[in-house]
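I would like to see how this sequence folds:
(one chain, ligands or ions: 1)
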Amino acid sequence: MAFHGSKYCWLNGEIIETKDALVSAMEPIYLGIFEGIKAYVEGDVLDKGRMNIFRWKPHADRLWQSAAVCGLKIPYAKDDLLDATRKTISANGFETNIYIQPRIWPRAEAPEKVHVLIPAWTFETILGKENDRFSKPRRFMVSSWRRIACDALPPQSKTWANYANSALALREAARLHYDGAIFLDNRGFVSEGTGACIMTVRHGKVITPPVAASILESVTRETLLRILPDELCIPVEVRDITRTELYASDEAFLCGTGWEITPITSVDDLTLGEEYPGPITKQIAEYYAEILAGKITKHIDLLTHT
Ligand code: PMP
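Purely as a prediction, here's the structure:
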């Protein structure tokens, strides 16, 4: 996915040029937190003034949860940050879908206070118009790094420090010529990807690991768990998945804000199922793309207009 940084960002109450967002080299960044949110152009026709932020509220709630876990106090209300996000979008005049990443970290000169930054990037959506990017084969491996244990770092908080775990797994995957990595948790059960949750498909049922498998409480996962049984008649099960079951899956895909719905071709060179992308993954990805584009009227409330 190609991401391009935007010209303007919001820092501590003001819109400024991203190149001027300078902070001290002494910042204690290891306790920083962030959130990853996307906003989509509505429908197929560009209306510059109109973008839809996907699931603003659960993202804002999780940002506040991450702050509480790390003992950081956010000096704004959630609505202030929504307003700041709208200002960032409007200042940049985006013409494509965007990724927004509110970042909060203690200040070097006063660690009880924080910096709040809202940068944004434009990106191409994974599904793409002709589904070509979606169908590209993706070979994954089970990482030799375990997903952070919940008594070592807080997996349900988007704390930057957690992402050293992801970066090491991704680096290992790249070194071994895989496209990505799947973590096992410290008990040896399937946990998640390096920045997305995992769902497997076996015998027509979607199965995904529970929160206690050291996963992030993914907004996308929660959305799919509600929508799949009710609207696509696909049964879902939340339970531990063994490594063997992962290898024996008919289909598997990652789900998350950044990765959207990304199918997995093989794990440790064992091909999953007979078709790629699998029919259920395809059906889910297409429906999810319609929701993101604001085409499913009953899900319009998942989108916040800018
Ligand atoms: N797990 C991790 C570690 C992540 O960073 C993300 C991305 N936020 C996810 C799962 C997916 O969560 P969401 O659907 O809320 O983006």
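
quick one: residues contacting the closest residue to residue 259 other than its chain neighbours.
Distances taken as CB to CB, 6 or more residues apart in numbering place residue 196 nearest to residue 259, at 4.0 Å, with adjacent residues excluded. To be clear about C-beta, it is placed using only N, CA and C from the backbone, and glycine gets the same treatment. Shown in contact with residue 196 (CB atoms under 8 Å, 6 or more residues apart in numbering): 218, 220, 254, 255, 256, 258, 259, 262.

any chance of the residues you listed in CSV, with pLDDT too?
CSV is the format used below for the contacts of residue 196 (pLDDT from 0 to 100):
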residue, pLDDT
218, 98
220, 98
254, 97
255, 98
256, 97
258, 92
259, 91
262, 94
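
return the subset of those residues lying in helices.
Among the contacts of residue 196, the residues falling in helices (DSSP state H) are residue 220.

tell me where the stretch 101-250 of the chain has strands.
Under the criterion DSSP state E, counting those that start in this stretch, the stretch 101-250 of the chain carries strands at the ranges 103-106, 114-118, 120-123, 139-142, 180-182, 197-202, 205-208, 236-238.

of those, which is nearest the ligand?
strand 197-202 (4.8 Å; CB to the nearest ligand atom).

let me see the mean pLDDT of that closest one.
For strand 197-202, the mean per-residue pLDDT is 98.

do stretch 237-251 as well
Stretch 237-251 comes out with an average pLDDT of 98.

now it, how far from the chain's geometric center?
The chain centre lies 21 Å from the centre of stretch 237-251; the measure is CA atoms, centre = their mean, to the nearest Å.

would TSV of the strands of the stretch 101-250 of the chain with mean neighbour count and distance to the ligand be doable?
Formatted as TSV, the strands of the stretch 101-250 of the chain follow (neighbours: other CB atoms under 10 Å; distance: least, CB to the nearest ligand atom, whole Å):
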stretch	mean neighbour count	distance to the ligand
strand 103-106	22	13
strand 114-118	21	16
strand 120-123	20	14
strand 139-142	20	15
strand 180-182	24	12
strand 197-202	24	5
strand 205-208	21	11
strand 236-238	14	15
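
can you count the residues close to the closest residue to residue 109 other than its chain neighbours?
Spatial nearest neighbour of residue 109, excluding adjacent residues (CB to CB, 6+ apart): residue 24 at 7.1 Å. Counted with other CB atoms under 10 Å, residues neighbouring residue 24 total 10.

let me see the contact set for residue 104.
Here residue 104 is in contact with 32, 33, 34, 63, 67, 72, 74, 114, 115, 116, 117 (CB under 8 Å, 6+ apart).

hmm, try it at 10 Å
31-35, 63, 66-67, 70, 72-76, 81, 114-118, 158 (CB atoms under 10 Å, 6 or more residues apart in numbering).

now do residue 270
Listed by CB under 10 Å, 6+ apart, the contact partners of residue 270 are 246, 247, 248, 249.

those residues into JSON lines, with extra columns for neighbour count?
As requested, the contacts of residue 270 are arranged in JSON lines below (neighbours: other CB atoms under 10 Å):
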{"residue": "246", "neighbour count": "24"}
{"residue": "247", "neighbour count": "16"}
{"residue": "248", "neighbour count": "13"}
{"residue": "249", "neighbour count": "24"}
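
C-alpha coordinates for stretch 193-203, PDB please?
Only the C-alpha atoms of stretch 193-203 are listed here, as PDB (Å, rounded to 0.1, in the frame of the first residue of the first chain):
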ATOM      1  CA  GLY A 193      -0.800 -10.100  12.300                       C
ATOM      2  CA  THR A 194       1.700  -7.400  12.800                       C
ATOM      3  CA  GLY A 195      -0.900  -4.600  12.500                       C
ATOM      4  CA  ALA A 196      -4.100  -6.400  11.800                       C
ATOM      5  CA  CYS A 197      -6.300  -9.100  13.300                       C
ATOM      6  CA  ILE A 198      -6.600 -12.500  11.600                       C
ATOM      7  CA  MET A 199      -9.700 -14.400  10.600                       C
ATOM      8  CA  THR A 200      -9.700 -17.900   9.200                       C
ATOM      9  CA  VAL A 201     -12.400 -19.700   7.300                       C
ATOM     10  CA  ARG A 202     -13.000 -23.400   7.900                       C
ATOM     11  CA  HIS A 203     -16.100 -25.400   6.700                       C
END
